[in-house]
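> Generate a structure from the sequence data that follows.
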Amino acid sequence: MIHFEPGQYINQGYYKSFQPNFINRAWLIDDMEIMALLSQADRQLGRLDMYSEHIPDIDLFISMHVLKEATQSSRIEGTQTNMEEALLDKDDVSHERRNDWEEVQNYIIAMNKALDMLKDIPFSSRLIKETHKILLQGVRGEHKLPGEFRTSQNWIGGASINDAVFIPPVQNTVPEFMGDLEKFTHNTAFFLPDLIKIGIIHYQFETIHPFLDGNGRVGRLLITLYLVDKEILKKPILYLSDFFEQHKSLYYDNLMRVRTHGDLKQWLKFFLVGVMETAKNGVTTFDEILKLKAQSEQAIQSLGSRCNNALKVLNYLFKRPIINVGTITEITQASQRTAYNIVADLERLGILEEVSGGKRDRIYAFKKYIHLFS
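Numbers count the residues shown, from 1 in each chain. Now for the predicted structure:
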C-alpha cells in the first residue's frame with residue numbers, strides 16, 4: 001500500500017485553493033505492483049540507453065526526438081502544428097499558423113538550452129525559470145511573467161475561477177513549495193528510486209502550477225531533464241508527451257485523483273507504464289531508423305560519381321528532413337544545377353518528395369523518415 005496525504009483545500013473567501021503537503025520527507029513505497037512495474041520500466045529504460053550508445057551519429061536523430069516532443073507537448077495544450085509544419089522555415093508557414101509554429105520552436109530551443117544549462121547548474125528553480133522564460137518568449141504567453149513564478153492566483157479548467165476544475169495553491173506560497181520540490185530532488189538522505197521520484201516531482205509541479213502559463217509544457221520537459229541530470233539516460237532520448245497525448249484524459253484524471261483521493265498509486269502506475277511503453281517504442285524507432293539509413297545509403301551507391309554529394313544531403317536529412325535547393329548547394333558546395341540533379345536523383349530513389357506544391361522555391365521532404373516519428 002502507498003499511504004499519501006496530498007494536502008487540503010483552504011478557503012480563500014469566494015474560492016478554495018488546494019495547498020499540497022510538502023514532499024521532501026521520508027517515503028515508504030512497498031507496493032508490489034508498483035515495484036514490479038518499476039523493475040520493468042527500469043529494464044526498458046536501460047535497454048534504450050544502451051541502444052543509444054551503439055547508434056552512430058545519435059545526435060542526428062536526437063533533434064527529431066526533440067521536435068516530436070515539442071509538437072506533442074504543445075498539442076496537449078491545443079497547439080495544432082504537426083511535425084512536417086514544425087520543420088518548415090517561418091516564411092514557409094501560413095500566417096494563421098505562425099503562433100502555433102513559434103510555440104513549438106520555443107519548446108525546441110528551451111529543451112536544448114536547458115540540457116546545455118544542466119552542465120553548469122543543477123536541476124533547480126533557477127533552471128526551471130530560465131527554461132520557462134525561453135518557452136514563452138515572443139508568443140501568446142509573453143505577458144504572463146516569462147521566467148517568473150506567478151504573483152496572482154491561477155486555475156485549471158473553467159471559464160473563470162468560479163467554475164474551475166482545480167485551483168492551485170495561492171501565489172505567496174509558490175516559492176516555498178518550489179523550494180521544497182527542489183530539496184526533494186537533491187535529497188539523498190531518504191532513498192527513493194529515481195523513476196518514482198520524478199513521477200512524484202511531475203505530479204507536485206503540476207499541482208503547484210507555479211507559472212501563469214506554460215506549466216504543462218515545463219512539467220513534461222522536466223522529466224527528460226531529470227533523467228539526464230541523474231545520468232539514468234546518457235542522451236535525451238525519452239519523451240513522455242506522446243504517451244500523455246494519446247491518453248490525455250487518463251493523464252489529467254490520474255493527476256486529479258491524487259489530489260482528491262490521495263491515489264498516488266494509480267498515478268505512479270500510469271507514469272511507469274508510460275516510461276516502459278515509450279522506452280520500448282524508442283528502441284523500435286531506432287531500429288527502423290538504422291534500417292532506413294542502410295537502405296537509403298545502399299540505394300545512393302547506385303549513383304556512381306554523384307554518390308558523394310547525395311550522401312552529404314542524406315546525412316543532413318537525418319537531422320532535418322525538410323530541404324530546398326538552396327540548402328543543398330550549401331551542404332554540397334556545388335552549383336545550383338548540380339543541386340537540382342541531386343533532387344531528381346533522390347526523388348527517383350524515393351528518398352525525397354516534393355511537398356510545397358509550388359513551381360518555384362520548392363520544398364522537399366524525407367517522408368519515410370518523418371513517418372517513423374509520427
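> Could you use CA atoms for every contact and neighbour count after this?
OK.
> what sits against Ile232?
Gly46, Asp49 (Cα atoms under 8 Å, 6 or more residues apart in numbering).
> Angles on the backbone of it, please.
Ile232 adopts backbone torsions of phi -70, psi -30, taken as degrees, to the nearest 10.
> so how far is His186 from it?
15 Å (Cα to Cα, to the nearest Å).
> in the stretch 201-350 of the chain, which spans are strands?
322-323 (DSSP state E, counting those that start in this stretch).
> For stretch 340-354, measure first residue to last.
Where stretch 340-354 begins and where it ends lie 12 Å apart, using Cα to Cα.
> Next: stretch 137-147.
Using Cα to Cα, the distance between the terminal residues of stretch 137-147 is 9 Å.
> Next, the contact list for Gly158, please.
Gly158 touches Ala164, Val165, counting by Cα under 8 Å, 6+ apart.
> does it sit in a helix, a strand or a coil?
Here Gly158 is recorded as coil under DSSP: H, G, I helix; E, B strand; the rest coil.
> Run through the residues that contact Pro6.
Neighbours of Pro6 in contact, by Cα under 8 Å, 6+ apart: Pro20, Asn21, Val258, Arg259, Gly262.
> which non-adjacent residue is nearest the first one?
Taking Cα to Cα, 6 or more residues apart in numbering as the measure, Pro20 lies nearest to Gly7, with 4.0 Å between them; neighbours along the chain are not counted.
> Next: the fourth one.
With Cα to Cα, 6+ apart as the criterion, Arg259 has its nearest non-adjacent residue at 5.7 Å, and that residue is Pro6.
> per-residue confidence at the closest residue to Tyr203 other than its chain neighbours?
Leaving out its chain neighbours, the residue that sits closest to Tyr203 by Cα to Cα, 6+ apart is Leu255, at 6.4 Å. Leu255 carries a pLDDT value of 97.
> Over to Phe318?
The model's pLDDT for Phe318 equals 91.
> same thing with Lys359?
On the pLDDT scale, Lys359 gets 67.
> what ranges do the helices span in the stretch 151-300 of the chain?
174-186, 194-208, 215-229, 241-246, 248-261, 264-300 (DSSP state H, counting those that start in this stretch).
> and the fifth one with helix 194-208, angle?
The reference is to helix 248-261. Using axes from the mean of the first three to the mean of the last three Cα atoms, to 10 degrees, the direction of helix 248-261 lies 80 degrees away from that of helix 194-208.
> Name the spans of the stretch 51-200 of the chain whose pLDDT lies under the cut-off.
139-142 (pLDDT under 70).
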